[in-house]
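1. The following comprises the amino acid sequence and a computationally predicted model.
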Amino acid sequence: MEKERRAHARPGAGSSWAPSTVLVTGGAGFIGSHACVELLDHGYEVIVVDDYANSTPHVFARVERIAGRFVGAVYELDLRDRRALSAVFDRHSVDAVMHFAALKSVSGSVARPVEYYDTNVGGTTALLRTMHEHGVHRLVFSSSCSIYGDAGPGLLDEATPPRPTNPYAASKWLCEQILADVCRHRPEYTVLCLRYFNPAGAHPSGLLGEDPQDVPDNLMPYVAQVAVGRRERLRIFGADYPTPDGTAIRDYIHVMDTVEAHRVALDHLADEPGMHVYNIGLGQGSSVLDVVAVFSETCGRAVPYQMVPRRPGDVASLVADPSAVTRAWGWRPTRDLSDMCRDAWRFQQLNPHGYAGSARRPGPKG
Ligand code: UD1
C-alpha cells in the first residue's frame with residue numbers, strides 16, 4: 001500500500017473553529033466510503049462506525065490505497081448500541097460528525113417500514129444523544145430529495161413542501177424534523193442537512209464504487225451489472241409516467257461531487273448555528289432511458305431492458321434547484337451523467353463481482 005502522507009491545507013483551518021477529526025457513520029457504504037477518501041485527501045482524521053448491513057470492511061483497504069493514508073479507526077457497531085457508540089466518543093476527540101448510516105432501499109422500506117423507522121430514526125436519535133453527552137454539536141446529515149415526494153415536474157427548491165411517498169423518505173423527513181427541533185431549542189448545534197438527489201458513479205480510480213450486497217435496487221449499479229453480463233436485462237419500472245419518454249426522471253449527481261459537498265460543508269459548520277438545508281443535485285433531469293442510452297454508449301454495447309409496471313413508492317420526476325448551496329458556499333457540482341456512467345462502468349469492469357474477495361484491512365477495529 002502506498003504510505004506517502006499528503007499534506008493538504010484545509011480552507012477554514014485558520015478560522016476560530018475548524019474540525020480536524022470527523023466521525024463518519026456508514027463510512028463503509030457507497031457514499032460514506034467516497035467521503036472517507038475525500039476527507040483523508042484533505043488532511044482530516046477519519047473515524048468510522050458501520051454495522052456493514054449493506055457494505056463490507058474490505059472497502060477500507062481501497063480507501064487507504066487511494067488516499068495514501070490510514071483511516072484513524074473503524075468500529076463495527078449499530079448506532080442504536082449507545083454504549084458502544086459512547087465508547088467511540090470516549091476514545092476519540094470528535095469535532096464533527098457526518099451521518100450517512102441508514103437503510104436506503106425504497107422497496108425495502110415499503111416491505112419493512114418498521115425496520116426503516118427503527119434504523120434510520122432510532123440510529124439518528126441515538127447518535128444525537130451520544131453527541132450531546134460528549135459535547136459534540138456539529139453534524140452534516142445525509143438527507144434525500146425523496147422527502148419531496150410526488151412534487152411534479154420542474155426544479156424543486158428547499159422550500160418545496162415535503163410529502164414523502166414511502167417509509168424510507170418518511171424516515172429521512174422525520175430525522176430532519178428532529179434535527180430542526182434540536183437546533184431550535186439548543187443554540188449550540190449546527191446541522192447542515194444535505195438533501196441529495198440520486199448519487200451515482202464511482203471514484204475515478206475504479207477502486208471504489210457502488211457494491212450492493214444484494215440484487216441492486218438502484219438504477220446505475222443495476223445497469224452496470226447488466227452491462228458486465230452479471231444480470232440478463234434491466235427491468236424499467238414504469239413506461240407510463242407523464243414524462244417525454246414515459247420513464248421516470250431523476251437528477252443524477254456524481255458521488256464525487258456529493259462527497260465534495262460534504263467536505264465543503266465542514267468549512268461552514270462554524271458559520272451560523274442552527275439547521276441549514278441544501279439540495280445537492282445537478283439541476284438536470286435524466287429519464288431511465290437517458291441513463292440506459294448514455295451507459296450503452298459508454299460501454300460500447302446496448303444494455304438490454306424490458307418495461308415492467310411501476311415500482312411502489314416511486315414518483316415521476318425529481319430534479320433539484322441546486323442554486324441555494326452555490327449561493328451559500330460558492331460550490332457547485334462539475335461532473336455530468338457521462339462522467340457518472342464512465343466511472344461506474346470502470347468500477348464494474350475492474351470489479352465484476354464487487355469487493356468480494358478483496359483483502360480485508362488489517363487496521364484497528366472496535
Ligand atoms: C431513491 C430515493 C432517493 C434516494 C435513493 C437512495 C425516492 C423517490 N428517491 O431514489 O432519494 O437517494 O433512493 O437509494 O424515494 N429503476 C428502474 N429499474 C431498476 C432500478 C431503478 O427502472 O432496476 C428506476 C426507478 O424506478 C427510478 C429510477 O430508476 O425511476 C432511479 O431509481 P433508483 O436508483 O432506485 O433511485 P430512486 O428510487 O430515485
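-> Right, received. Where do you want to start? Numbering: from 1, shown residues only.
2. Which pLDDT value does the model give the closest residue to the ligand within the stretch 51-200 of the chain?
-> Using CB to the nearest ligand atom, the single residue of the stretch 51-200 of the chain nearest to the ligand is Ser146, 3.1 Å away. All C-beta atoms are positioned from the backbone trio N, CA, C, and that covers glycine. Confidence at Ser146, expressed as pLDDT, is 93.
3. residues touching it, list them.
-> 106, 164-166, 168-169, 172, 318 (CB atoms under 8 Å, 6 or more residues apart in numbering).
4. So which residues on the stretch 51-200 of the chain come close to the ligand?
-> Within the stretch 51-200 of the chain, the positions near the ligand by CB under 6 Å from any ligand atom are 104, 106, 144-146, 166, 168-169, 198.
5. Can you flag which of those residues belong to strands?
-> Counted as lying in strands by DSSP state E, out of those, are 144, 198.
6. show me where the stretch 251-366 of the chain has helices.
-> In the stretch 251-366 of the chain, the helices defined using DSSP state H, counting those that start in this stretch lie at 255-266, 288-299, 323-329, 337-350.
7. Just give me how far the shortest one sits from the chain centre.
-> What it means is helix 323-329. 19 Å (CA atoms, centre = their mean, to the nearest Å).
8. Repeat that for the longest one.
-> Counting by CA atoms, centre = their mean, helix 337-350 is centred 17 Å from the centre of its parent chain.
9. Go through that helix and flag the buried ones.
-> For helix 337-350, the neighbour count (16 or more other CB atoms under 10 Å) marks 337, 339-348 as buried.
10. mind putting these in TSV, pLDDT and distance to Leu234 included?
-> Output for these, formatted as TSV (pLDDT from 0 to 100; distance: CB to CB, whole Å):
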residue	pLDDT	distance to Leu234
Leu337	98	16
Asp339	98	21
Met340	98	16
Cys341	98	13
Arg342	98	18
Asp343	98	19
Ala344	97	14
Trp345	97	14
Arg346	97	19
Phe347	96	18
Gln348	94	14
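11. and these as JSON lines, adding distance to Arg83?
-> As requested, the buried residues of helix 337-350 are arranged in JSON lines below (distance: CB to CB, whole Å):
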{"residue": "Leu337", "distance to Arg83": "44"}
{"residue": "Asp339", "distance to Arg83": "43"}
{"residue": "Met340", "distance to Arg83": "40"}
{"residue": "Cys341", "distance to Arg83": "44"}
{"residue": "Arg342", "distance to Arg83": "45"}
{"residue": "Asp343", "distance to Arg83": "39"}
{"residue": "Ala344", "distance to Arg83": "39"}
{"residue": "Trp345", "distance to Arg83": "43"}
{"residue": "Arg346", "distance to Arg83": "42"}
{"residue": "Phe347", "distance to Arg83": "37"}
{"residue": "Gln348", "distance to Arg83": "40"}
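12. Tell me the one among the residues you listed nearest to His92.
-> Nearest to His92 among the buried residues of helix 337-350 is Phe347, at 30.6 Å by CB to CB.
13. Any figure for the gap between the closest one and Gly354?
-> 9 Å (CB to CB, to the nearest Å).
14. Now do the closest residue to Gln284 other than its chain neighbours: how many residues are near it, please.
-> Spatial nearest neighbour of Gln284, chain neighbours left out: Asp251 (6.4 Å); criterion: CB to CB, 6 or more residues apart in numbering. Using other CB atoms under 10 Å, Asp251 has 25 neighbouring residues.
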